[in-house]
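> this is a predicted model, with the sequence first.
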Amino acid sequence: WVPPDDDDVHCFRLRNIAAREPLPEATGSGRWYIELPDRLAVSAVHVAVPPSIVGAGTVEPQLWQVSVRDATDHSVGGLCGGLQLEIGPGESRRFPCRAEGRYVGVALVTSVAAAAAAPAAAPQVEVFGVVAPMGSPRI
């Protein structure tokens with residue numbers, strides 16, 4: 001590995017391209033979205049679930065899904081990697097994505113009861129895209 005120079009146009013790095021924290025789609029819905037600065041290519045999404053996110057005393061992993069879309073509505077857009085992954089309280093997972101969109105959605109999908117019990121605290125989400133050295137997003 002060689003560190004890139006400022007003028008090295010062949011070096012691409014994955015960076016967190018989310019400019020904001022996740023916002024709830026609706027109070028108590030168990031769904032959040034992140035608005036990206038523009039319609040961008042998303043390579044992967046890393047989701048970290050706080051210990052208290054699925055209700056007090058819950059220690060079992062819950063199913064989560066991530067989507068990239070052009071609207072805040074969770075029903076529009078495809079799943080990242082077509083996956084639903086189990087994430088336990090205090091754990092994190094990386095969802096592979098190869099999609100473009102303006103919004104990234106994160107949803108707790110295990111059960112309606114678990115989603116309804118979700119507190120206002122959002123999961124920690126990092127949205128990774130490839131950025132050229134000059135700062136322009138690339139696929």
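Looks like it came in fine.
> I figured Val125 hits Pro50, correct?
No - using CB atoms under 8 Å, Val125 and Pro50 do not qualify as a contacting pair, with a distance of 11.6 Å. All C-beta atoms are positioned from the backbone trio N, CA, C, and that covers glycine.
> who's more crowded, those two?
Summary of the neighbour comparison: Val125 and Pro50, criterion other CB atoms under 10 Å, with Val125 having more neighbours (23 against 13).
> who are the contact partners of the more buried one?
With contact set as CB atoms under 8 Å, 6 or more residues apart in numbering, Val125 has these partners: 18, 22, 32, 34, 45-48, 104, 106.
> quick check, nearest of these to Pro89?
Ala48 (10.5 Å; CB to CB).
> what pairs with the closest one across the strands?
Ser92, Gln124 (DSSP bridges).
> separation between it and Ser67?
In this structure, Ala48 and Ser67 are separated by 18 Å, where distance is defined by CB to CB, to the nearest Å.
> between those two, tell me which one has more neighbours.
Looking at Ala48 and Ser67 with other CB under 10 Å, you find the greater number of neighbours at Ser67, namely 24 against 14.
> my read is that that one contacts Phe95, right?
No - counting by CB under 8 Å, Ser67 does not reach Phe95; the two are 9.4 Å apart.
> which neighbours do these two share?
With contacts taken as CB under 8 Å, 6+ apart, Ser67 and Phe95 have Cys80 as neighbours in common.
> which of the contacts of Val125 fall in strands?
The subset of these located in strands under the criterion DSSP state E comprises 32, 34, 45-48, 104, 106.
> of all the residues you listed, which comes closest to Leu14?
Closest approach to Leu14 among those (CB to CB): His46, at 10.1 Å.
> check the gap between that closest one and Val76 for me.
Distance of His46 to Val76, computed by CB to CB: 23 Å.
> which of the two has more residues huddled nearby?
Per other CB under 10 Å, whichever of His46 and Val76 has more neighbours is His46, with 16 against 13.
> how about stretch 18-38 as CSV, C-alpha atoms only?
Below are the C-alpha coordinates for stretch 18-38, written out as CSV (Å, rounded to 0.1, in the frame of the first residue of the first chain):
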residue,chain,number,x,y,z
ALA,A,18,-24.0,10.7,4.5
ALA,A,19,-24.1,14.3,5.5
ARG,A,20,-26.8,13.9,8.2
GLU,A,21,-27.9,11.6,11.0
PRO,A,22,-30.9,9.2,10.3
LEU,A,23,-34.3,10.7,10.5
PRO,A,24,-37.4,8.7,11.5
GLU,A,25,-39.9,8.0,8.7
ALA,A,26,-42.7,8.1,11.3
THR,A,27,-42.7,8.1,15.1
GLY,A,28,-42.3,4.6,16.4
SER,A,29,-42.2,3.1,12.9
GLY,A,30,-38.8,1.4,13.3
ARG,A,31,-37.8,2.9,10.0
TRP,A,32,-35.3,5.7,9.4
TYR,A,33,-33.9,7.4,6.3
ILE,A,34,-30.8,9.4,5.5
GLU,A,35,-30.7,12.1,2.8
LEU,A,36,-27.6,12.1,0.8
PRO,A,37,-26.1,15.4,-0.6
ASP,A,38,-27.1,14.4,-4.1
